[in-house]
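J.: Provided below for reference: sequence and predicted model.
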Amino acid sequence: MTGLNRKDLLDIQDLSLDEINLICNNARYFKDLFTRSVKTVPVLRGKTVCCLFYEPSTRTKLSFELAAKRLSADLINIAVSTSSVVKGESLIDTVHTLEAMKADYIVMRHAVSLAPHFLSKNIGASVINAGDGFHAHPTQAMLDAYSILEKRGSLAGLHIGIVGDIKHSRVARSDIEVFNKLGAKVTLCGPPTLVPDEFRQYGVDITYDLDGLIGKLDVINMLRIQKERQKGSHFPSIREYHRQFALTNERLRRCKPDIIVMHPGPINRGIEIDDGAANSANAIIEEQVTNGVAVRMSIFYLLAGGAPLEGIGE
Ligand code: CP
C-alpha cells in the first residue's frame, strides 16, 4: 500500500485498518528524525500548508506547524481573530482566497461539527480536520493510538478507560473509533450527565464508578471538563467531581503498576488529574505531544501519496 488513497483526513471512521497501521508505521520513521541534529526532510518542499484555526489551540496548532516545517513546506497561518472573518467574511470566501493562493493543505479547527467536511467538498486542497465541534479529532486519536502502540506493540486485548466529559469531547469520539478498530476494549467513565447512554452504540462499556474500574485498566485517558461547550451544570461542584472522577495520587496507587496514563491536554490540574499522577512514571502526556508531530508528519506525507518509509533522510 502506498500513501492514503484519499484527498482529505476528516474522520477516523473513514480510515481502514491498513491506513491506520500505515500512518503509525511511518510515524515511527519520522520520530527517528527527531534524534538527529538536522530534523528536516524535503518531503513537502514547494508545497504550502495553511493552518486555519477558528478555535483556540496550543498543542494541535503548534504540532501541525512543526510537522509542516520539518517536512520543508511553506507555512501560512491565518489568525482568524485578526482576519477578514471578523468583518463578516464567510467560510467559503475565506477558503476561496486560500485556494487562489494555491494552498496545498488546509488544516482546520472549527467550533461547528462537520465544518472541515464542508470545506473539503468546496476546495481542491487536502483538508485535515484538527478538531470540529463535539464531532471528531482524528489526528489526536491517531497520536493516542500510536503512543500506546509504541509502549505495548499492539492494542489488541488492552482495556482502555476514557474518563471525564465524554459528552462534549471530540477526542473521546475519535479515540473510541481508533481503539475499537485496533482491537482494544473501551470503557467510558464519568458522571451520568457527561457520559450519555447512546455511546453504547459505539460498542463501549459505560460505568459511573471509577473506583470499580481503575484496577482493571491497562490504559487510562483522562479528559478535561469542556466548560466552553457546556450549557448549565453537569455535576454539583468541582470538588465533588474531583472526589468521584479525578485520577488522584491515591487512585493511581490502586491501578495496575504498569498502567499507561494519558491526557490529550490542555490539563486542568487538580480537577481531572492530580499533579503527582500527571507527573508520574506511568504518565506519557509529554510523549503524546512529541508523537503528535511525528504522526502529523506521517499524515501529510501519506496524503501526498508517499510510500512506506525505510530509512528516510539517510
Ligand atoms: N489536544 C488538543 O487538541 O489540544 P489543543 O486544544 O491545545 O490543540
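T.: Sure, I can see it.
J.: could I have stretch 89-101 exported to CSV, CA atoms only?
T.: Below are the C-alpha coordinates for stretch 89-101, written out as CSV (Å, rounded to 0.1, in the frame of the first residue of the first chain):
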residue,chain,number,x,y,z
GLU,A,89,-16.3,37.1,5.5
SER,A,90,-17.9,33.7,5.1
LEU,A,91,-16.0,30.5,5.5
ILE,A,92,-16.4,29.7,1.8
ASP,A,93,-15.0,33.1,0.8
THR,A,94,-12.0,32.7,3.1
VAL,A,95,-11.4,29.3,1.6
HIS,A,96,-11.6,30.5,-2.0
THR,A,97,-9.0,33.1,-1.0
LEU,A,98,-6.7,30.4,0.2
GLU,A,99,-7.3,28.4,-2.9
ALA,A,100,-6.4,31.4,-5.0
MET,A,101,-3.1,31.5,-3.1
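J.: got the residues of the stretch 101-250 of the chain near the ligand?
T.: Within the stretch 101-250 of the chain, the positions near the ligand by CB under 6 Å from any ligand atom are Gly131, Gln140. (Each C-beta comes from the backbone N, C-alpha and C, glycine too.)
J.: all helices for the stretch 101-250 of the chain, in order.
T.: Taking DSSP state H, counting those that start in this stretch as the test, the helices found in the stretch 101-250 of the chain are 115-121, 138-152, 170-181, 210-213, 238-245, 249-253.
J.: Spit out the contact partners of Leu223.
T.: Contact partners of Leu223, counting by CB atoms under 8 Å, 6 or more residues apart in numbering, are Ile162, Val163, Gly164, Asp165, Ile166, Ser169, Val171, Ala172, His263, Pro264, Glu272.
J.: any chance of the helices of the stretch 101-250 of the chain in a markdown table, with distance to Phe30 too?
T.: Shown next, in a markdown table, are the helices of the stretch 101-250 of the chain (distance: least, CB to CB, whole Å):
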| stretch | distance to Phe30 |
| --- | --- |
| helix 115-121 | 23 |
| helix 138-152 | 11 |
| helix 170-181 | 19 |
| helix 210-213 | 35 |
| helix 238-245 | 35 |
| helix 249-253 | 32 |
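J.: Now intersect the contacts of Leu223 with the strands, please.
T.: Ile162, Val163 (DSSP state E).
J.: For the contacts of Leu223, which two are the farthest from each other?
T.: Ile166 and His263 (14.4 Å; CB to CB).
J.: quick one: least confident helix or strand in the chain?
T.: Here the helix or strand of the chain ranked lowest by mean pLDDT, DSSP states H and E is helix 91-100, holding a mean of 84.
J.: Report all helices and strands that that helix contacts.
T.: Judged by 3 or more CB pairs under 8 Å, 6 or more residues apart in numbering; DSSP states H and E, helix 91-100 is in contact with strand 48-53, strand 74-79, helix 115-121.
J.: Highest mean neighbour count across these, which stretch is it?
T.: Among the helices and strands packed on helix 91-100, strand 48-53 has the highest mean neighbour count (mean count of other CB atoms under 10 Å), at a mean of 23.
J.: Adjacent strands (with direction) for that strand?
T.: strand 74-79 (parallel), strand 105-110 (parallel) (DSSP bridges).
J.: mean pLDDT lowest for which of these?
T.: The minimum mean pLDDT among the strands paired with strand 48-53 belongs to strand 74-79 (a mean of 89).
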